[in-house]
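In: Provided below are the primary sequence and the corresponding predicted coordinates.
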Amino acid sequence: MKDLAGKTAVVTGAASGMGLAFATRFAAEGMKVVLSDVEEPPLMEAVETLRATGAEVLGVVTDVADAAAVQSLADQTMEAFGQVNIVCNNAGVAGSMSGGALSVADWKWVIDVNLFGVIHGHASFLPLIQEHGDGHIINTASVLGHFPAHSAYAASKWAVVGITEGLFNQLREEESTVGVSCLCPGWVNTRINESARNRPEWAAEPALDEPDEEAEMRRALLAEVLASGMQPDEVAGLVVDAVLNNKFWIFTDLDMIASLEPRFQAILENRNPDPVGIGAFLDPDD
Ligand SMILES: NC(=O)c1ccc[n+]([C@@H]2O[C@H](COP(=O)([O-])OP(=O)(O)OC[C@H]3O[C@@H](n4cnc5c(N)ncnc54)[C@H](O)[C@@H]3O)[C@@H](O)[C@H]2O)c1
């Protein structure tokens, strides 16, 4: 895309954190913005705040794990603004912090939101953007979509990285003018560590007889590194730059990615992997 003003952006997970920053930045660029989120009160508050700046804004409560809800989001966007140009498939949740075996329900919740949310976004919005070709899809993955980990979150983000790169290649083969970016943030100062606020009942964590002290420590450490992380509006600046300059990768912390070199080396040499992990980047004073 060469310009943004007057065009329409849809952002999922727009009531908080990065999604809210993207919506705010798009509105400041003169775009019409559709904010969607599963949490109604903060969503409506964000809509009112942006509307008060004079922006053309629509709020749609949407659970991205629900294909019909995402289709309805696309229908309501078309009804309100007649066109879609940018879609940020951004809504996401972090799974359980418990050190014990992850419940299958936890895997399902995280993959339903983080991966199927993106898949539903592609299914409902890609055809609408391809119709005119002046558009861009930004999928929020994570640096954790590049680090091996036995977790639902890593599984969902690895898949998002893979399908996003696949979509980028496919559209280039088709000589499409639609852009695609894969956002892989490191630590960003948001409420992602409070994802349990949106955990459905069917995926509730089992009640423990004793407090899970390790999980509490992990939660506290994560809260600290997130608070010391990049501000969401800075990430919004990187997203706008990627759209206008057609950049696929959006990394907020290239040191994290550089630390993966031994992993790629081991693959090239067909050796067993050495442990690489995100642990080295869990120091809030770094
Ligand atoms: N904060 C970080 O350090 C970081 C790093 C890498 C990737 N991410 C990813 O960034 C994205 C945005 O998260 P954030 O960090 O801004 O956290 P956040 O919790 O502040 O915002 C996430 C938003 O998604 C919404 N959401 C949750 N489940 C939903 C559902 N089923 N349907 C629709 N909306 C739903 C939440 O209500 C919330 O408003 C997520 O995909 C997350 O995995 C975050």
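Out: Received, thanks.
In: burial of residue 59, as a residue count?
Out: The tally of other residues near residue 59 (other C-beta atoms under 10 Å) stands at 23. (C-beta placed from N, C-alpha, C; glycine too.)
In: Am I right that it is in a strand?
Out: Yes. Looking at residue 59 with DSSP: H, G, I helix; E, B strand; the rest coil, it is inside a strand.
In: Return the residues in contact with it.
Out: By C-beta atoms under 8 Å, 6 or more residues apart in numbering, the contact set of residue 59 is 34-36, 43-44, 46-47.
In: Quickly list what it is bridged to.
Out: residue 35 (DSSP bridges).
In: Roughly how far does it sit from the ligand?
Out: Distance of residue 59 to the ligand, given as C-beta to the nearest ligand atom, to the nearest Å: 12 Å.
In: So for the longest helix anywhere in the chain, what gets flagged as buried?
Out: What stands out as the longest helix in the chain, according to DSSP state H, is helix 152-173. Residues 152-161, 163-165, 167-168, 171 are the ones in helix 152-173 that count as buried (16 or more other C-beta atoms under 10 Å).
In: swap in stretch 73-86?
Out: In terms of neighbour count (16+ other C-beta under 10 Å), stretch 73-86 has its buried residues at 73-74, 76-77, 81, 83-86.
In: gap between the residue of the chain most remote from its centre and residue 137?
Out: Farthest-out residue of the chain from its mean C-alpha position, per C-alpha atoms, centre = their mean: residue 209, at 34.2 Å. According to C-beta to C-beta, to the nearest Å, residue 209 and residue 137 sit 46 Å apart.
In: residue boundaries of the helices in the stretch 151-286 of the chain?
Out: Here the stretch 151-286 of the chain has its helices, by DSSP state H, counting those that start in this stretch, at 152-173, 213-227, 232-244, 254-258, 261-268.
In: Up against the ligand, what does this protein have?
Out: The chain comes close to the ligand at residues 12-13, 15-19, 37-39, 62-65, 90-93, 113, 140, 142, 185, 187-188, 190-192, 195, 198, 226, 229, as judged by C-beta under 6 Å from any ligand atom.
In: Which ones among these lie within strands?
Out: Counting by DSSP state E, the part of the residues of the chain next to the ligand found in strands is 12, 37, 140.
In: From those residues, keep the buried residues only.
Out: Using 16+ other C-beta under 10 Å as the burial test, these include 12, 37, 140 as buried.
In: Looks like the second one contacts residue 43 (just checking).
Out: Put plainly, it is residue 37. Yes. If you go by C-beta atoms under 8 Å, residue 37 and residue 43 touch, sitting 4.2 Å apart.
In: okay, the residue nearest to residue 186 when sequence neighbours are not counted: pLDDT?
Out: Closest residue in space to residue 186, ignoring its immediate chain neighbours: residue 253 at 3.1 Å, by C-beta to C-beta, 6 or more residues apart in numbering. As predicted, residue 253 sits at a pLDDT of 95.
In: where does the stretch 151-286 of the chain have low pLDDT?
Out: Counting by pLDDT under 70, the ranges of the stretch 151-286 of the chain that qualify are 283-286.
In: one more time with 80, if that's ok
Out: Residues of the stretch 151-286 of the chain meeting the criterion pLDDT under 80: 206-212, 277-286.
In: which residues touch stretch 146-153?
Out: Contact partners of stretch 146-153, identified using C-beta under 8 Å, 6+ apart, comprise 94-96, 102, 106-107, 109-111, 114, 142, 144, 154, 158, 161, 184, 257, 260, 263, 273, 276-278.
In: Quick one: the strands in the stretch 1-150 of the chain, in order.
Out: Counting by DSSP state E, counting those that start in this stretch, one finds strands in the stretch 1-150 of the chain at the ranges 8-12, 32-37, 57-61, 86-89, 136-140.
In: Residue 262 contacts residue 276, correct?
Out: Yes. Counting by C-beta under 8 Å, residue 262 does reach residue 276; the two are 6.2 Å apart.
In: returning to that earlier point: which residues are common contacts for residue 37 and residue 43?
Out: Jointly contacting residue 37 and residue 43 under the rule C-beta under 8 Å, 6+ apart are 14-15, 61.
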